[in-house]
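Asker: What follows is a predicted protein model with its sequence.
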Amino acid sequence: MIYEINDRKQAAFLFAGWQESIIWSCLQGVMGYIYADDVHNPVSAMAILGDFCFFAGEPNRELIAFKPKWNRQDFIIAVPRNRGWAKEIEQYHGNKAKKVVRYAMKKEGNIFNRNKLANLVEKLPSEYTLSLIDSSIFDYCKKHDWCRDFVSQFPDYSSFQKSGLGVVVMKEGIPVSGASSYSVYSGGIEIEIDTKMEYRRKGLAFVCGAKLILECLDREWYPSWDAQNLWSVALAEKLGYHLDYAYDAYEIYGY
C-alpha cells in the first residue's frame, strides 16, 4: 500500500540533504504532496509537485508504479536519489522513460550583483516593455502552452498573487518572454523561464531573469534555479549562479 503523508515531518529524514526547492515545498506543505510506504515509519517516499517527482529512501517498485488519483497528466519527470531507484524506474517504465541530464545550481546567499542585474534590465530594447504578471497576464499564460508553466501550479490568480511572482517581456501588449515562480516554498521560489519560439536568441530571457531576481531580492526571497540543459546553465551563470552538479532524471511519457 502507498499512503499520502499528511504529517510531512515523518518523511523529512528520507530527503535530508537534498537541496531541491520542490522537495522543500512538498515537505513544508506549501505545494505538492508526499507519498510513502508507511504513514508513521516510512522507508521509501516520493515528493511530487507538478511535472516533478523525487524518490528517496529504499527503492520501492510499488511507489514508482503509484499514480495519485488527482494526477491526470500523462507526463512526469522522475528524479531518483540513487542508482537503485534509477534501475527500478528503468525496469518498470521501460521505453516510456527517457533518461536525461539536468543541472543543479548552487543555492548561495549574497551572490547577486544588484547593479549588474539592474543594468541588464535597462538594456531591454525600446520596442519591448516589462511587466509583472497581473490577472490578465495570468489568464493569458493559462491558455498558451509556451508560457503555461509560469502559472500552472496555481489554481487561480488570487493564489498566485498571494505567494507567486513573475515578470514578462511584452511586445505590442502580448507576452513574448518571461520568468516566473514554477513553485514556491518558505522563503523563495523555483524559477521557470522561457521565451516564445520566434523571439528567442534576442536576450529577452536574460532580462526577465535579471528582473525576477531583483524582485525576489526586494522581497527577501531566494530565487532557486534548476537547469534543464546547458543553455539554462549558461544563462544562470551569467546572472550570478554557480553550477553545483549534474544529475540523471527520467522524462516519462504515458505516465
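Answerer: In hand now; what should we look at?

Asker: Walking through the stretch 151-255 of the chain, point out its strands one by one.
Answerer: Ranges of strands within the stretch 151-255 of the chain are 166-171, 174-185, 188-195, 222-224, 226-227, 243-253, based on DSSP state E, counting those that start in this stretch.

Asker: Can you point out the buried residues in the first one?
Answerer: The one in question is strand 166-171. Within strand 166-171, the residues scored as buried using 16 or more other C-beta atoms under 10 Å are 166-170. C-beta: built from backbone N, CA, C; applies to glycine.

Asker: neighbouring strands for that strand, and are they parallel or not?
Answerer: Strand 166-171 has its sheet partners listed here by DSSP bridges as strand 129-132 (antiparallel), strand 174-185 (antiparallel).

Asker: any chance of the strands of the stretch 151-255 of the chain in JSON lines, plus distance to residue 137 and mean pLDDT?
Answerer: Formatted as JSON lines, the strands of the stretch 151-255 of the chain follow (distance: least, C-beta to C-beta, whole Å; pLDDT from 0 to 100):
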{"stretch": "strand 166-171", "distance to residue 137": "6", "mean pLDDT": "98"}
{"stretch": "strand 174-185", "distance to residue 137": "6", "mean pLDDT": "98"}
{"stretch": "strand 188-195", "distance to residue 137": "14", "mean pLDDT": "98"}
{"stretch": "strand 222-224", "distance to residue 137": "19", "mean pLDDT": "98"}
{"stretch": "strand 226-227", "distance to residue 137": "24", "mean pLDDT": "97"}
{"stretch": "strand 243-253", "distance to residue 137": "28", "mean pLDDT": "97"}
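
Asker: Just say which of the strands paired with strand 166-171 is most tucked in.
Answerer: Comparing those by mean neighbour count (mean count of other C-beta atoms under 10 Å), strand 174-185 ranks first with a mean of 26.

Asker: From the chain's centroid, how far away is that strand?
Answerer: Centroid separation between strand 174-185 and its chain, computed with C-alpha atoms, centre = their mean, to the nearest Å, is 10 Å.

Asker: go on, stretch 206-225?
Answerer: Counting by C-alpha atoms, centre = their mean, stretch 206-225 comes out at 14 Å from the chain centroid.

Asker: what's in contact with it?
Answerer: For stretch 206-225, contacts defined as C-beta atoms under 8 Å, 6 or more residues apart in numbering pick out 21, 105, 107, 109, 112, 114, 117-118, 120-121, 123-124, 130, 132, 165-169, 177-180, 187-191, 193, 232, 235-236, 238-241.
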